[in-house]
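*Asks:* Sharing a model prediction with you, sequence too.
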Amino acid sequence: MLQLRHFSFDLAFEYPFTIAKGTKTHQPTLVVGLGMGRLAGFGEAPAISYYHVTVDSMIAALEEKRGVIERYALIDPQRFWHFLHHLLPGQNFLIAALDIAGWDLFAQLRRVPLYQLLGLQWKAPLCDYTLGLDTADKMVEKLKTHPWPLYKIKMRSPEDIDLIRTLRQHTDAPFRVDANEAFSFDDAKALIPELHALNVTMIEQPLNKTEWDSMKELKAISNIPLFADESCVEEEDVAKCVDAFHGINIKLTKCGGITPALRMIEQARKLNLKVMVGSMNESTIGSAAIAHLLPLIDETDADGPLLLKEDVAEGLQYENGIIKVSGAPGLGIRFRGKKFEKQ
């Protein structure tokens, strides 16, 4: 029988985090624990306002189904996900936290790191460091405070190209740009040549997620790889992206956890789409779940612990863009229960 616990946090960012969809100073997040004997697996689901998900709503759904979840016999994490998918319809964020905790616990029971349980050999593409929108001086200050071999820069309007120009004066590191649906087709078409000249190596979600025809046209003329984010949430979205994007950004929280992410990666490979696994400002718990998938992917955006002023776990290392897992069984993290536990 599983022992279910949950913990809610409001984790402060090092800097106010601004994207095209707004600004926040803290990241609300739910941590779920699944215990069996002396072992416990943990998963995480950050609450994102523009997806209309709150920590309180996830806790309410979790408590409603507590008894059913605790009676579940965890003999296969993928079957556990299917059980959760039917038990909690439409609750992808919460399902993701439980799915990650299930994989963590199961790998601990097998006494191997998660990536080994998945049959993977360790390798890790470079992870970026995200610069949220701010004044030019503040963004330069962040860049200098956090020297990194690869940066992701948020944009919310064509005028933000001036920020890219300014930042380029202070580093030779490649840039990724994330527009979060902020551009029109004409804006994106005009910006791409200059962004390419500024060594921008990827653009995430330049247009609104509904503008499929315009994205197809943009892909045909872009010399920068275009990656879907808001346009690719669940498994059914992968095939839609083939003609409109060069790659997809999979978010564990949005798709429902590790189990569907593995299927999305497999499907993307068959369709010759590049694969990125991205951050939603998770702490070390959610970021470790991303990290164990790194041998399967092309691009990494798992910098949540670097952006947060406080964390709830330890076990990941970031060294000049390279993420290292601890090698301990499961996710290889240690939840800082004594300092942070709340029930």
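*Replies:* Received, thanks. Because the structure is a prediction, the values reported are computed rather than measured.
*Asks:* Does the most centrally placed residue in the chain fall in a helix, a strand, or a coil region?
*Replies:* Residue closest to the average C-alpha location in the chain (C-alpha atoms, centre = their mean): residue 279, at 2.3 Å. Here residue 279 is coil, with the state taken from DSSP: H, G, I helix; E, B strand; the rest coil.
*Asks:* Verify the contact between it and residue 287 for me.
*Replies:* Yes - the pair formed by residue 279 and residue 287 meets the contact definition of C-beta atoms under 8 Å, at 6.8 Å. Backbone N, C-alpha and C define where each C-beta goes, glycine included.
*Asks:* what sits in contact with each of the two?
*Replies:* 302, 303, 304 (C-beta atoms under 8 Å, 6 or more residues apart in numbering).
*Asks:* So the second one sits against residue 127, correct?
*Replies:* Yes - because the distance of 5.9 Å satisfies C-beta under 8 Å, residue 303 is recorded as touching residue 127.
*Asks:* quick one on the thing from earlier: quick one, what contacts the residue nearest to the centre of the chain?
*Replies:* Counting by C-beta under 8 Å, 6+ apart, residue 279 has contacts 130, 251, 287, 290, 301, 302, 303, 304.
*Asks:* Tell me how many other residues crowd the fifth one.
*Replies:* Read it as residue 301. When neighbours are counted by other C-beta atoms under 10 Å, residue 301 registers 25.
*Asks:* Give me the distance between it and residue 280.
*Replies:* 10 Å (C-beta to C-beta, to the nearest Å).
*Asks:* Also the first one?
*Replies:* Taken as C-beta to C-beta, the spacing of residue 130 relative to residue 280 amounts to 11 Å.
*Asks:* what comes up buried for stretch 314-328?
*Replies:* By neighbour count on 16 or more other C-beta atoms under 10 Å, the buried set for stretch 314-328 is 315, 316, 318, 321, 323, 325, 326.
*Asks:* for those residues, which one is nearest residue 206?
*Replies:* residue 321 (24.3 Å; C-beta to C-beta).
*Asks:* Wait, that closest one touches residue 147, no?
*Replies:* No - under the criterion of C-beta under 8 Å, residue 321 is not in contact with residue 147, lying 10.1 Å apart.
*Asks:* does residue 323 count as helix, strand or coil?
*Replies:* From three-state DSSP, the assignment for residue 323 is strand.
*Asks:* Could I get the full set of helices for the stretch 1-150 of the chain?
*Replies:* Listed in chain order, the helices of the stretch 1-150 of the chain (DSSP state H, counting those that start in this stretch) span 55-64, 66-70, 77-87, 92-109, 114-117, 136-145.
*Asks:* re the thing from before, how near is the residue nearest to the centre of the chain to residue 160?
*Replies:* 20 Å.
*Asks:* Could you do residue 75 as well?
*Replies:* Distance, residue 75 to residue 160, by C-beta to C-beta: 50 Å.
*Asks:* got it, and residue 291?
*Replies:* 30 Å.
*Asks:* shaky segments in the stretch 1-150 of the chain?
*Replies:* For the stretch 1-150 of the chain, no stretch has pLDDT under 70.
*Asks:* that older thread, name the residues contacting each of residue 303 and residue 127.
*Replies:* Any residue near both residue 303 and residue 127 by C-beta under 8 Å, 6+ apart counts here, and that gives residue 318.
*Asks:* So this protein: which segments form each domain?
*Replies:* The chain breaks down by automatic domain parsing into domains covering 3-111, 117-335.
*Asks:* mind checking how far the first one is from the chain centre?
*Replies:* So that's domain 3-111. 14 Å (C-alpha atoms, centre = their mean, to the nearest Å).
*Asks:* sorry, back to before: which pLDDT does the model give the residue nearest to the centre of the chain?
*Replies:* Here the pLDDT value assigned to residue 279 is 94.
*Asks:* Quick one: mean pLDDT over whichever helix or strand residue 253 is part of.
*Replies:* Using DSSP states H and E, residue 253 falls within helix 252-255. Averaged over helix 252-255, pLDDT sits at 98.
*Asks:* what angle sits between the helix or strand following that helix and helix 77-87?
*Replies:* Proceeding N to C from helix 252-255, the next assigned helix or strand is helix 258-270, under DSSP H and E. Going by axes from the mean of the first three to the mean of the last three C-alpha atoms, to 10 degrees, helix 258-270 is angled at 110 degrees with respect to helix 77-87.
*Asks:* Convert the C-alpha atoms of helix 258-270 to CSV, please.
*Replies:* Backbone C-alpha positions of helix 258-270 (Å, rounded to 0.1, in the frame of the first residue of the first chain) are rendered in CSV as follows:
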residue,chain,number,x,y,z
ILE,A,258,7.6,11.0,-17.7
THR,A,259,5.4,8.3,-19.1
PRO,A,260,3.7,10.3,-21.9
ALA,A,261,6.9,12.3,-22.5
LEU,A,262,8.7,9.0,-23.4
ARG,A,263,6.0,8.3,-25.9
MET,A,264,6.2,11.8,-27.3
ILE,A,265,9.9,11.5,-27.7
GLU,A,266,9.5,8.2,-29.6
GLN,A,267,6.9,9.7,-31.9
ALA,A,268,8.9,12.8,-32.6
ARG,A,269,11.9,10.6,-33.6
LYS,A,270,9.8,8.7,-36.1
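*Asks:* low-confidence ranges in the stretch 201-343 of the chain?
*Replies:* Short version for the stretch 201-343 of the chain, where the test is pLDDT under 70: 337-343.
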